[in-house]
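Enquirer: fold the following for me, if possible:
(one chain, ligands or ions: 1)
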Amino acid sequence: MSAPVSIDILKQHLIDPEICIRCNTCEETCPIDAITHDANNYVVKADVCNGCMACVPPCPTGAIDNWRTVRREDAYAIDAQFTWDVLPEERALPVSEAGSDTVPVVAGETDKAIPVPGPATDTVRGSIVPPWSAAKPYVNLYTHKAPTRATVVGNYRLTDATTDSAIHHIVLDFGATPFPVLEGQSIGILPPGATADGRVHHARQYSIASPRDGERPGYNNVSLTVKRVLQDHAGNPTAGVCSNYLCDLKKGDVVSVIGPFGGTFLMPNHPNSHLLMICTGTGSAPMRAMTEYRRRRRLKGATGKLMLFFGARTKEELPYFGPLTNLPKDFIDTNLAFSRTPKQPKRYVQDAMRERAPDVAQLLKDDNTHIYVCGLKGMEDGVLQALKEIAEAQGMPWDPLWERLRMEGRLHLETY
Ligand code: A2P
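Expert: Numbers count the residues shown, from 1 in each chain. Sure thing, here's the model as predicted:
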């Protein structure tokens, strides 16, 4: 009998283009740059991916968790993956020509691996698990292939008409269609029309700004906080496809919706849990949802504290400025930071946190505190640095505290 022939089998990591909402979380999370994208798809480089699973828990849709068993030499190239609209079927392996003594060598064996939160790294800095008392979310009830529809029942500009920054509060009603959501989750909107090369637009993801029981309590509706995009990241004039579509919607218009998405950026539900919320601009959406949920439950025994740091260029550009400043001081400790108020020094959320260091430290000492950061990517470093300084000034070494916050689902970062 001849010696066993070994064939190199790969459990190839793939991203489902039908479910993926192109939020970039996986590409940002991958510690070895195995994930990339073009205008069409997010894809995984078979020759780089080592199946470490770092990208899997943070993915809000689960599109990332797809695997196909292939001969390594037949692995799907990224150029092929870029063209896909659906994942290929699992192929039968052509092992017969290798004989019955074939011994598969499986690389990247990750099937059914249970992701364990590892040490904080440059890429995985927040929790990849929800708070222990979070409610169980529904995800992916509606997909690109099978979206649902919602009717616009409100569209209001939140920012002052004198500012260039147009942020809208948009309310969508699902009627009798089930669309259960939790604070901190997001939905995808499918804008009508097609890209320059004739493909339908992919969904754009928006955080939900209303609590689980509806923008209007007891109604099957959600609200979104949408900034009209008129420039690209480099400052060149460009009209954001979906944000302009949404901001122009009228009452009665119908939109295609997918989701809900997100299973970790969720609020704790035990009544003595504290929320430390830090946001800029439209990053206020999940904070509004959580705050409003706590406000509605307030009389039912919630005793935890709410502390908010909210940054905007000016007071006129701060969404929800009026309602926010009207909330009772004994319900929420609100700290606003404006960076472009004429004749005032530039102030960021992290500056405001340092000014309130003793109170922030008090929260950091409490195991019931859950931290949420949402908004500009740039603020993430500054906020983590401020938390470190505040903790260490009170004799709490940051690295072990950071690790515990992450592992316990108490540090949630969503920046873009
Ligand atoms: P800036 O005036 O420097 O742009 P935006 O209006 O672009 O959504 O920004 C919201 C707020 O976040 C603005 O006040 C902006 O200030 C501020 N910001 C910008 N970069 C950072 C950062 N690195 N850390 C904290 N806040 C920031």
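
Enquirer: up against the ligand, what does the stretch 151-300 of the chain have?
Expert: Proximity of the stretch 151-300 of the chain to the ligand, by Cβ under 6 Å from any ligand atom, involves residues Ser165, Thr280, Gly281. Bear in mind the C-beta positions are built from the backbone N, C-alpha and C, glycine included.

Enquirer: what sits against the second one?
Expert: Contacts of Thr280 were listed using Cβ atoms under 8 Å, 6 or more residues apart in numbering, and they are Phe310, Gly311, Ala312, Val349, Gly375, Leu376, Met379.

Enquirer: with respect to Lys251, which of the residues you listed is nearest?
Expert: Among those, Ala312 lies closest to Lys251 (Cβ to Cβ), at 27.2 Å.

Enquirer: ok, the closest one to Gly281 distance?
Expert: 6 Å (Cβ to Cβ, to the nearest Å).

Enquirer: what's in contact with stretch 22-35?
Expert: 13, 15, 36-37, 42-45, 48-50, 52, 54-55, 58-60, 64, 121-124, 202-203, 205, 416.

Enquirer: hmm, 6 Å instead?
Expert: Val44, Lys45, Val48, Cys49, Ala54, Cys55, Pro58, Cys59, Ile64, Thr123, His202, Gln205 (Cβ atoms under 6 Å, 6 or more residues apart in numbering).

Enquirer: before we move on, the earlier item: and Ala312 and Gly281? which has more neighbours close in?
Expert: Ala312 (26 against 22; other Cβ atoms under 10 Å).

Enquirer: contacts only, for that one.
Expert: Here Ala312 is in contact with Leu318 (criterion: Cβ under 6 Å, 6+ apart).

Enquirer: now do the SS call for Met287.
Expert: helix (DSSP: H, G, I helix; E, B strand; the rest coil).

Enquirer: which of the residues of the stretch 151-300 of the chain next to the ligand fall in strands?
Expert: The strands, defined by DSSP state E, take in Thr280 from those.

Enquirer: could the residues of the stretch 151-300 of the chain next to the ligand go into TSV alongside pLDDT?
Expert: Shown next, in TSV, are these (pLDDT from 0 to 100):
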residue	pLDDT
Ser165	91
Thr280	97
Gly281	95
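
Enquirer: which pLDDT does the model give Thr110?
Expert: What the model reports as pLDDT for Thr110 is 40.

Enquirer: also Ala146?
Expert: At Ala146, the model reports a pLDDT of 93.

Enquirer: try Ile114
Expert: Ile114 is assigned a predicted lDDT (pLDDT) of 43.

Enquirer: cool, and Val5?
Expert: In this prediction Val5 is given a pLDDT of 60.

Enquirer: please renumber so the chain begins at 50
Expert: Sure, I'll start counting at 50 from here, so that last one is Val54.

Enquirer: I'd guessed Arg261 sits against Gly233; true?
Expert: No. Taking contacts as Cβ atoms under 6 Å, Arg261 lies outside contact range of Gly233: 10.0 Å.

Enquirer: overlap in contacts of those two?
Expert: Taking Cβ under 6 Å, 6+ apart as the contact criterion, no residue touches both Arg261 and Gly233.

Enquirer: which residues of the chain score low on pLDDT?
Expert: Within the chain, the stretches with pLDDT under 70 are 50-55, 143-172, 348-351.

Enquirer: let's go with 80 and repeat that
Expert: 50-56, 141-173, 348-352 (pLDDT under 80).

Enquirer: can you name the residue of the stretch 200-349 of the chain nearest the ligand?
Expert: Distances between the stretch 200-349 of the chain and the ligand by Cβ to the nearest ligand atom are smallest at Gly330, namely 3.2 Å.

Enquirer: do you know how far that residue is from Val173?
Expert: From Gly330 over to Val173 (counting by Cβ to Cβ), the distance is 24 Å.

Enquirer: returning to what we had before: and the residue nearest to the residue of the stretch 200-349 of the chain closest to the ligand when sequence neighbours are not counted, what is it in contact with?
Expert: Excluding the flanking residues, the one nearest Gly330 by Cβ to Cβ, 6 or more residues apart in numbering is Gly424, at 5.6 Å. Contacts of Gly424 were listed using Cβ under 6 Å, 6+ apart, and they are Cys328, Thr329, Gly330, Gly332.

Enquirer: then Asn89?
Expert: Residues near Asn89 by Cβ under 6 Å, 6+ apart: Phe131.

Enquirer: so it: helix, strand or coil?
Expert: Assignment for Asn89 (three-state DSSP): coil.

Enquirer: what do you get for Glu76?
Expert: Glu76 - assigned by three-state DSSP - is helix.

Enquirer: what about it, how many neighbours?
Expert: The burial count for Glu76: 19, using other Cβ under 10 Å.

Enquirer: can you check the one 3 residues further on too?
Expert: Taking other Cβ under 10 Å as the criterion, the count of residues near Cys79 is 22.

Enquirer: quick one, phi psi at it?
Expert: Dihedral angles of Cys79 (phi, psi; degrees, to the nearest 10) stand at phi -60, psi 120.

Enquirer: quick one: it and Thr85, what's the gap?
Expert: In this structure, Cys79 and Thr85 are 9 Å apart, going by Cβ to Cβ.

Enquirer: point me to the residue of the stretch 50-199 of the chain nearest the ligand.
Expert: Closest point on the stretch 50-199 of the chain to the ligand, by Cβ to the nearest ligand atom, is Arg174, at 15.0 Å.

Enquirer: looks to me like that residue is in a strand.
Expert: No. The assignment for Arg174 (three-state DSSP) gives coil, which keeps it out of a strand.

Enquirer: which residue sits closest to it, ignoring its sequence neighbours?
Expert: The spatially closest residue to Arg174, leaving aside those adjacent along the chain, is Leu462, at 6.0 Å (Cβ to Cβ, 6+ apart).

Enquirer: are we agreed that that neighbour is in a strand?
Expert: Yes. Remark: Leu462 belongs to a strand, assigned using three-state DSSP.

Enquirer: beta partners of it?
Expert: Val422 (DSSP bridges).

Enquirer: that concludes my questions; thank you for your assistance.
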